[in-house]
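Engineer: Curious how this folds, go ahead:
(2 chains)
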Amino acid sequence: MMKDMMPHFDLVQPTDVESALDLLREHGRDAWALAGGYDSFDWFKNRGKQPSVVVDLEGLDELKGVRETGDGIEIGATTSLTDVENDPLVRERYGLLAEAVSVVASPQIRNGGTIGGNICQDTRCWYYRYGMPCYRAGGNVCYAGAPDAMNREHALFGADRCVAVTPSDSAPALVALDAEMVVRNARGERVIPAGEFFMPPGVDITRMTVLDPDDLLTAVRIPARWAGARFHFEKVADRKTWDFPLVNVAAAFRIADGRIDDSRIVLGAVECIPRRLTDVEDLVRGRVPNESTAAEAGELATQGARPLSYNHFKIPLVKNLVARAVRSA
Amino acid sequence: MAERSSTIDPSAHRGALRADDAPWEGLLANLPGRGNVSRRQFIKGVIATGASVSAFSYFAGPAATSARASVPRLVSINVNGQARRVDVLPQETLAMTLRYKLGLTGTKLGCDRAECGACTVMIDGVAHYSCSTLTQRVRAREVVTVEGLESPDGTLHPVQQAFIDELGPQCGFCTPGQVMAAAALLEANPNPTREEARRAMSGNLCRCGAYDHYLNGVMRAAANGQAVAEEVSNG
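Structural biologist: Numbers count the residues shown, from 1 in each chain, chains lettered A, B, ... in the order given. Just a heads-up that it's a prediction; the model follows:
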């Protein structure tokens, strides 16, 4: 483990978003947008990524804080996870998100880590992180998918050459809440539904989100639609603190006359992107959330799973977590 | 034989060292209790000398003329209530600055990857990992390290005293980080439940496994703090 300095980069600390966007456009792939730094510094210290210009987002006050909008709330991308967890609006209306960010990493990381960083963080596949020339790193092989590879944490679904998974706890919650991502670059702003924000390996294997090098995620909007709904979040990891999920589930339910009127059920850490279970949502619509509905939902959730050598255990995990989510509705 | 042993007379040898050791003279003169320099003080002095020598090369060398870097090199950061002038690289972490430029070696570097908590400090009263915080980010903030907790008269911080009373540390390497995490918790929540304290301390690893001792210490510090607060309010 190296404990020397990170390699040199130029640090620029803009105080307005326009300057930050100009810098990102000017330097393109040589630039790196720095939020909390908990993902970035790992890369820099291990020499995995070596940008020449780092654009520090800390000074951009307009990217911080939770605001009420006409339809729901807007969370600035560099709001710390602790601030999201403790925000009265988030707690009152979107307990699902408060719950999800409360189990991210450790208290100190939540104090410095940001919601935008948690959404945009890179995958934890250790072959990739270790600097192996895999598909994701621009090479032509997947080390984690090999029969004897250490792939206990990897994907059950949607693998396309790369078997890495999304490591985020907040991302499944945001997909379940029908959130929208506000993305800006020097040319303008666009708003992307959370369900379309994450990048499957089959489309572009070298990135985790739709963000281009000069794009900046500036805010997350959560519509009123699911405010105050019945929520369920559960994360299973090897340790209760610090660890990334083996599987997590975020679910939102609207109940009418004791039956599930509408729902969102989203899994994390089983696919490269948060996996929304639309077929399970269809199955439980109009049904009483009892034991048999839950069992059927759990069974359906595992359909199509293609386990690797060492991650079979995730199948019963998915089954039980989805069943528990439905039972809780 | 007798003649030979007289040539290594220890007092003569010490005198010779003094004369040849002119470069250290200034350094030793600045240390408290000169003539009785402890190992720790000596090492810290060497760290300070190394920092000033290497800083000189930054100003003189070509590395100083980096056109794009808009962050200043010579910055002033507030550490333990004092404004400290220090030469900081753009990519330098706070842990590096504290330990190797300011000689505040109470802050430990365990993993340097935000995975152990030994480097925990308070920034504006909130616990952060100093190994994963750029020093350039704390220019306008207030940093408190474990050295800054005790009061000027030498009274230990309630958390420090409680950790001693509860035999919190074993090997002691994680202790400064544990102290800072606990102090930050009590600042935000002076009367935590044991579960809240457990959660607040969950970002600090202890390889000795003394978690329950530390937790007892946090609860004792909180109880002592409550007792003091009641005493004050009762006049």
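
Engineer: next one: the helix or strand hosting residue A:283 to chain centre, how far?
Structural biologist: Using DSSP states H and E, residue A:283 falls within helix A:278-284. On the basis of CA atoms, centre = their mean, to the nearest Å, helix A:278-284 sits 22 Å off its chain's mean C-alpha point.

Engineer: Also stretch A:274-288?
Structural biologist: Worked out by CA atoms, centre = their mean, stretch A:274-288 lies 21 Å from the chain centre.

Engineer: Endpoint to endpoint, it covers what distance?
Structural biologist: One end of stretch A:274-288 to the other measures 26 Å (CA to CA, to the nearest Å).

Engineer: Quick one: name whatever helix or strand follows the helix holding residue A:283.
Structural biologist: Counting by DSSP H and E, what follows helix A:278-284 is helix A:291-301.

Engineer: Just the residues contacting that next one, thanks.
Structural biologist: Applying CB atoms under 8 Å, 6 or more residues apart in numbering or on different chains, the external contacts of helix A:291-301 come out as A:260, A:265, A:267, A:277, A:279-280, A:283-284, A:287, A:318-327. Yep, even glycine has a C-beta here, placed from its N, CA and C like the rest.

Engineer: Identify each buried residue in it, please.
Structural biologist: Of the residues in helix A:291-301, A:293-298, A:300-301 count as buried by neighbour count, 16 or more other CB atoms under 10 Å in any protein chain shown.

Engineer: What helices and strands are in contact with the helix or strand containing residue B:161?
Structural biologist: Per DSSP H and E: residue B:161 is located in helix B:158-165. Packing partners of helix B:158-165 (3 or more CB pairs under 8 Å, 6 or more residues apart in numbering or on different chains; DSSP states H and E): helix B:175-188, helix B:211-233.

Engineer: buried sites along that helix?
Structural biologist: In helix B:158-165, counting by 16+ other CB under 10 Å, buried: B:158-163.

Engineer: now the angle between helix B:175-188 and it, please.
Structural biologist: Angle, helix B:158-165 to helix B:175-188, by axes from the mean of the first three to the mean of the last three CA atoms, to 10 degrees: 130 degrees.

Engineer: Can you dump the C-alpha atoms of helix B:158-165 in CSV for me?
Structural biologist: The C-alpha trace of helix B:158-165 is given here as CSV (Å, rounded to 0.1, in the frame of the first residue of the first chain):
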residue,chain,number,x,y,z
PRO,B,158,-13.6,14.7,28.6
VAL,B,159,-13.3,12.1,25.9
GLN,B,160,-9.5,11.7,26.5
GLN,B,161,-10.0,11.4,30.2
ALA,B,162,-12.9,8.9,29.8
PHE,B,163,-10.8,6.7,27.4
ILE,B,164,-8.1,6.6,30.1
ASP,B,165,-10.6,5.8,32.8
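
Engineer: all strands for the chain, in order.
Structural biologist: You didn't pick a chain, so chain A it is. For chain A, applying DSSP state E gives strands covering A:10-12, A:31-34, A:53-56, A:66-69, A:72-76, A:180-185, A:188-193, A:216-222, A:230-236, A:247-256, A:259-268, A:275-276.

Engineer: actually it's chain B I care about, not the one you picked
Structural biologist: Going by DSSP E, chain B shows strands at B:74-79, B:82-87, B:120-123, B:126-129, B:142-144.

Engineer: Give me the neighbour count for residue B:156.
Structural biologist: Neighbourhood size, residue B:156 [other CB atoms under 10 Å in any protein chain shown]: 14.

Engineer: Kindly state the beta-bridge partners for residue A:188.
Structural biologist: With DSSP bridges as the criterion, the beta-bridge partners of residue A:188 are residue A:185.

Engineer: For the residue nearest the centre of chain B, which non-adjacent residue is spatially closest?
Structural biologist: Nearest to the mean C-alpha position of chain B, by CA atoms, centre = their mean, lies residue B:106 at 3.0 Å. Beyond its immediate neighbours in the sequence, the residue positioned closest to residue B:106 (CB to CB, 6 or more residues apart in numbering or on different chains) is residue B:146, lying 4.1 Å away.

Engineer: Tell me, how many residues neighbour residue A:189?
Structural biologist: 11.

Engineer: can you check residue A:48 too?
Structural biologist: 14.

Engineer: For residue A:103, see how far away it is.
Structural biologist: 26 Å (CB to CB, to the nearest Å).

Engineer: Any idea how many residues pack against the residue in the stretch 151-300 of chain A that chain B sits nearest to?
Structural biologist: Chain B sits closest to residue A:241 of the stretch 151-300 of chain A, with a gap of 3.9 Å, by CB to the nearest CB. Each residue near residue A:241 was counted by other CB under 10 Å, and the total is 18.

Engineer: Contact partners for residue 85?
Structural biologist: All of this is about chain A. Residues in contact with residue A:85 (CB under 8 Å, 6+ apart) are A:91, A:98, A:101-102, A:110.

Engineer: actually chain B
Structural biologist: Neighbouring residues of residue B:85 by CB under 8 Å, 6+ apart: B:74-76.

Engineer: ok, of those, which come out buried?
Structural biologist: Buried among those (16+ other CB under 10 Å): residue B:75.

Engineer: how about the residues of chain A near chain B?
Structural biologist: Within chain A, the positions adjacent to chain B are A:1-3, A:5-13, A:37-38, A:41-42, A:44-45, A:53-54, A:56, A:58, A:105-109, A:111-112, A:240-242 by CB under 8 Å from any CB of the partner chain.

Engineer: Can you give the domain ranges for the chain?
Structural biologist: Went with chain A since none was named. Residue ranges for the domains of chain A, per automatic domain parsing: A:1-56, A:63-121+A:165-225, A:230-327.

Engineer: that's the wrong chain, I wanted chain B
Structural biologist: If you go by automatic domain parsing, chain B breaks into B:68-146, B:158-233.

Engineer: Those domains into JSON lines, with extra columns for mean pLDDT and distance to residue A:188?
Structural biologist: JSON lines is the format used below for these (pLDDT from 0 to 100; distance: least, CB to CB, whole Å):
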{"stretch": "domain B:68-146", "mean pLDDT": "95", "distance to residue A:188": "25"}
{"stretch": "domain B:158-233", "mean pLDDT": "95", "distance to residue A:188": "39"}
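
Engineer: max-length helix in chain A?
Structural biologist: Using DSSP state H to define each element, chain A has its longest helix at helix A:314-327.

Engineer: residues in contact with that helix?
Structural biologist: Residues outside helix A:314-327 that contact it (CB under 8 Å, 6+ apart): A:156, A:232, A:234, A:236, A:246-249, A:251, A:260, A:265, A:267, A:270, A:277, A:280, A:284, A:289-291, A:293-295, A:297-299, A:301-302, A:305, A:307.

Engineer: now those residues: which count as buried?
Structural biologist: Buried subset of the contacts of helix A:314-327 (neighbour count, 16+ other CB under 10 Å): A:156, A:232, A:234, A:236, A:246-249, A:251, A:260, A:265, A:267, A:270, A:277, A:280, A:284, A:289, A:293-295, A:297-298, A:301-302, A:305, A:307.

Engineer: any idea of the pLDDT on the residue lying closest to residue A:47 once chain neighbours are set aside?
Structural biologist: Counting by CB to CB, 6+ apart, residue A:47 lies nearest to residue A:7, which is 6.6 Å off, once chain neighbours are set aside. The model reports residue A:7 with a pLDDT of 95.

Engineer: so how far is residue A:128 from residue A:7?
Structural biologist: Relative to residue A:128, residue A:7 is positioned 19 Å away (CB to CB).
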